[in-house]
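Enquirer: Structure, please.
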Amino acid sequence: MLRTLALPLVALLLTGLAHAADKPQRIVSTTPSVTGILLAINAPVIATAAAAPSRLTDAKGFFRQWAEVADQRAVQVLYPNLQFDLEAVIGWAPDLLVVSATGADSVLQHQAELEAQGINSAVVNYSNHSWQEMAVELGKVTGLEQQAQAAIQRFDAYTLKVASGLTPPPGTVSVVGYNIAGSYSVGLPASPQARLLSALGFTVAGLPDALKDQVRRSSDVGFISRENLSRVIAGDSVFLLGGSDADVQAFLADPVLANLPAVRNKQVYPLGVSSFRIDYYSGKQMIDTVARSFP
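Expert: Residues are numbered from 1 along each chain as shown. Presented below is the predicted three-dimensional model:
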């Protein structure tokens, strides 16, 4: 009989004789978006689903920000290209399976199959929550509360250390998603990237009040057409979400943005390709990328 322990961000679905107090020893992740958080809290991850190889991943499909750590810990590929494989899951005999409720890596539609096999699952909703919040809740599920707090403290200490050596530019900054899979957006001040920039001493601008109704908003960003992008960039400087140095050059060369103050003054900076989703590892990479722009 299925028993559910409802947590703020994580639903723990237990079958058979398992108990919430049990400390899992064989964790398998079907959500690479969360695998980095599990690794950061030293969870015993033995296998994880892999994304389709891209500039965001290594050759196996592990996200670059945590791929090296995963390799050091001998984490194996559960299945490639986010193609759910029930037999692969069963073959790894996990005592806890981590499943995302949302996103491209969600396999929640297969939950009934997993329950039928007696597989205990932690169903995670990462859509509107910081990696720190996720770490705390996953720490509760895995019995690694202290390790979760330690990871957060290490991250905060690193942020403060780097911030102490930075001199942010005068004025405000905007976080801009430029041509990400053909979309254009401006990060809201409550987004993880904006909050991290604020912790580094930058002042992040929001959307202009007069244009808020013209922007399609999600929890973290406001989407806009390329033609209207310059109208919603209120910051004196621009940080490119998921951006590299090559993306900065493309942004500076875009004729639609030629009159933007940040373009005229060449105050456009990358946040790094892994900054699209912030976890312990990509957050530290974003901090390092920002620091290189302001030595």
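Enquirer: and the residue nearest to Leu82 when sequence neighbours are not counted, what helix or strand is that in?
Expert: Closest residue to Leu82 apart from its sequence neighbours, by C-beta to C-beta, 6 or more residues apart in numbering: Asp105 at 5.4 Å. C-beta: built from backbone N, CA, C; applies to glycine. Per DSSP states H and E, Asp105 falls between elements, in no helix or strand.
Enquirer: Let me see the contact set for Asp105.
Expert: Contacts for Asp105 (C-beta atoms under 8 Å, 6 or more residues apart in numbering) come out as 30-33, 49, 51, 82.
Enquirer: Surely Pro189 forms part of a strand?
Expert: No. Counting by DSSP: H, G, I helix; E, B strand; the rest coil, Pro189 falls outside a strand, being coil.
Enquirer: picking up where we left off before, mind putting the contacts of Asp105 in CSV, neighbour count, pLDDT and secondary structure included?
Expert: Listed next are the contacts of Asp105 as CSV, based on neighbours: other C-beta atoms under 10 Å; pLDDT from 0 to 100; DSSP: H, G, I helix; E, B strand; the rest coil:
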residue, neighbour count, pLDDT, secondary structure
Thr30, 29, 97, coil
Thr31, 25, 96, coil
Pro32, 26, 97, helix
Ser33, 23, 95, helix
Ala49, 29, 99, coil
Ala51, 19, 98, coil
Leu82, 18, 97, coil
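Enquirer: between the residues you listed, which is closest to Ala199?
Expert: Lowest distance from Ala199 to those (C-beta to C-beta) belongs to Ser33, with 21.8 Å.
Enquirer: hang on, the earlier thing: tell me how far the residue nearest to Leu82 lies from Ser237.
Expert: From Asp105 over to Ser237 the distance is 33 Å, taken as C-beta to C-beta, to the nearest Å.
Enquirer: Equivalent analysis for Asn120, please.
Expert: For Asn120, the distance to Ser237 (C-beta to C-beta) stands at 47 Å.
Enquirer: Tyr269 - how many residues pack around it?
Expert: If you count neighbours by other C-beta atoms under 10 Å, Tyr269 ends up with 21.
Enquirer: Using the three-state scheme, assign it.
Expert: At Tyr269 the chain is in strand, as set by three-state DSSP.
Enquirer: And Asn128, by the same measure?
Expert: For Asn128, the assignment made with three-state DSSP gives coil.
Enquirer: Tally up the residues packed near it, please.
Expert: Using other C-beta under 10 Å as the criterion, Asn128 is surrounded by 12 other residues.
Enquirer: Can you check the pLDDT for it?
Expert: Here, the pLDDT recorded for Asn128 equals 75.
Enquirer: Also Leu197?
Expert: 98.
Enquirer: Ok, Asp220 next?
Expert: Looking at Asp220, its pLDDT is 76.
Enquirer: ok, how many other residues are close to it?
Expert: Asp220 has 22 neighbours, counted by other C-beta under 10 Å.
Enquirer: residues contacting it?
Expert: Contact analysis of Asp220 by C-beta under 8 Å, 6+ apart lists 187-188, 190-193.
Enquirer: if you set the cut-off to 10 Å instead, what comes out?
Expert: Shown in contact with Asp220 (C-beta atoms under 10 Å, 6 or more residues apart in numbering): 127-128, 175, 177, 185, 187-195, 241, 277-278.
Enquirer: The residues you listed, buried ones only, as a PyMOL selection?
Expert: In PyMOL, this line selects whichever of those come out buried by 16 or more other C-beta atoms under 10 Å:
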select buried, resi 175+177+185+187+188+191+192+193+194+195+241+277+278
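Enquirer: So which residues of the stretch 101-250 of the chain form helices?
Expert: Along the stretch 101-250 of the chain, counting by DSSP state H, counting those that start in this stretch, helices occupy 111-116, 131-142, 145-163, 192-199, 229-232, 245-253.
Enquirer: The fourth one - contacts with which helices or strands?
Expert: So that's helix 192-199. helix 145-163, strand 173-180, strand 183-187, strand 237-240, helix 280-293 (3 or more C-beta pairs under 10 Å, 6 or more residues apart in numbering; DSSP states H and E).
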